[in-house]
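Student: dropping the sequence and predicted coords here.
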Amino acid sequence: MAMTRTISLAIESRPECIELLGGAVNGLCGLTALPPADVAQIELAVVEAVNNAVEHAYHGEPGHAVLVEFRLSPEAFSVSVRDRGDPMDPLQLTAPVAAVKPDRADPETWPLRGRGLSIIKSCMDSVEYHVGDGQNTLTMRRTLKGSRPA
Amino acid sequence: MVVTHRTVEGIDVIALSGRLMMADVAQVRQRLLDVVEKGGGKLALDLAEVGFMDSSGLSVLVSVFKAARLKNGEVVLLRPNPTVRSLIELTRLQQIFSIFDEEATALARLR
């Protein structure tokens, strides 16, 4: 009987540890029929979510835990990234994707930062953010059956 | 992340190899900015051997682009793999970066 399977990993809030998650994403996605391009998108979304936890929730301070929970069901691959740092403004999640269109003639449209959330939203089918009990949780989901919603 | 630098007729050509993620960006950014500062501001960035890049890696590309433009220069990208190209297009940065499959064509653009 098909059921949801879960695996949790914890990394320290250091940039050097984030790369370790790439192998986990690729290994787990190998259990699905997702094509390589889709797996790459999921890996990118997970890395961006953990980047945000390290850089914004913990302000680059090492020694904290970032928990990453992967859930694989016949219908979807879901990933939750949890931290206990400063929460994100939930309104950031509802901001339009890629609001700034880069223009070669206008340096104001060449920001160095601020692309992570829009990348996550573009790569996954749904993204939710929850703050409670001192823990911030970003949960993202990728549908496995059929085509992605437009 | 391995950074290899050479000069072709006054144009800097830098090849990156590995995964360009948050852990590497400070070092790579400084290396590339040093090249732009010491050179003529014309840079071809070969991404053929970059297997993965995140938004912090993109920030390195944008930093170098800004620095080059301050010298009236230009940065072009060479041979990004499909994953990296997809990220560039997702963030619409192909609007500011010209992307080439052949080094000779990229160098011709920069001359």
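Tutor: Thanks, I have it.
Student: for the rest of this, base every contact and every neighbour count on C-alpha atoms.
Tutor: OK.
Student: quick one, helices of chain A?
Tutor: For chain A, applying DSSP state H gives helices covering A:15-18, A:20-29, A:36-52, A:91-94, A:116-123.
Student: ditto for chain B
Tutor: Counting by DSSP H, chain B has helices at residues B:22-38, B:55-70, B:82-90, B:103-110.
Student: which one of those helices is the most hemmed in?
Tutor: Neighbour counts (mean count of other Cα atoms under 10 Å in any protein chain shown) averaged over each of these peak at helix B:55-70, with a mean of 21.
Student: is there proximity between that one and chain A?
Tutor: Yes - contact between helix B:55-70 and chain A, assessed by Cα under 8 Å from any Cα of the partner chain, occurs at B:55-56, B:58-60, B:62-63, B:66.
Student: a markdown table for the residues you listed, including pLDDT?
Tutor: A markdown table is the format used below for the residues of helix B:55-70 next to chain A (pLDDT from 0 to 100):
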| residue | pLDDT |
| --- | --- |
| B:Ser55 | 96 |
| B:Ser56 | 96 |
| B:Leu58 | 96 |
| B:Ser59 | 95 |
| B:Val60 | 96 |
| B:Val62 | 94 |
| B:Ser63 | 95 |
| B:Lys66 | 94 |
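Student: quick one: which of those is nearest chain A?
Tutor: B:Ser59 (4.7 Å; Cα to the nearest Cα).
Student: and the closest residue to that closest one other than its chain neighbours, how many neighbours does it have?
Tutor: Counting by Cα to Cα, 6 or more residues apart in numbering or on different chains, B:Ser59 lies nearest to A:Leu112, which is 4.7 Å off, once chain neighbours are set aside. For A:Leu112, the count of nearby residues is 16 (other Cα atoms under 10 Å in any protein chain shown).
Student: for A:Leu20, same thing?
Tutor: Should you count by other Cα under 10 Å, A:Leu20 turns out to have 13 residues around it.
Student: next: A:Ala49.
Tutor: 25.
Student: what about it, distance to A:Arg84?
Tutor: To A:Arg84, A:Ala49 is 14 Å away according to Cα to Cα, to the nearest Å.
Student: would you reformat the helices of chain A as a markdown table and include distance to chain B and mean pLDDT?
Tutor: As requested, the helices of chain A are exported to a markdown table (distance: least, Cα to the nearest Cα, whole Å; pLDDT from 0 to 100):
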| stretch | distance to chain B | mean pLDDT |
| --- | --- | --- |
| helix A:15-18 | 5 | 95 |
| helix A:20-29 | 10 | 90 |
| helix A:36-52 | 6 | 95 |
| helix A:91-94 | 16 | 80 |
| helix A:116-123 | 6 | 93 |
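Student: those: which one's closest to B:Ser98?
Tutor: The closest of the helices of chain A to B:Ser98 is helix A:116-123. By Cα to Cα, the value is 21.0 Å.
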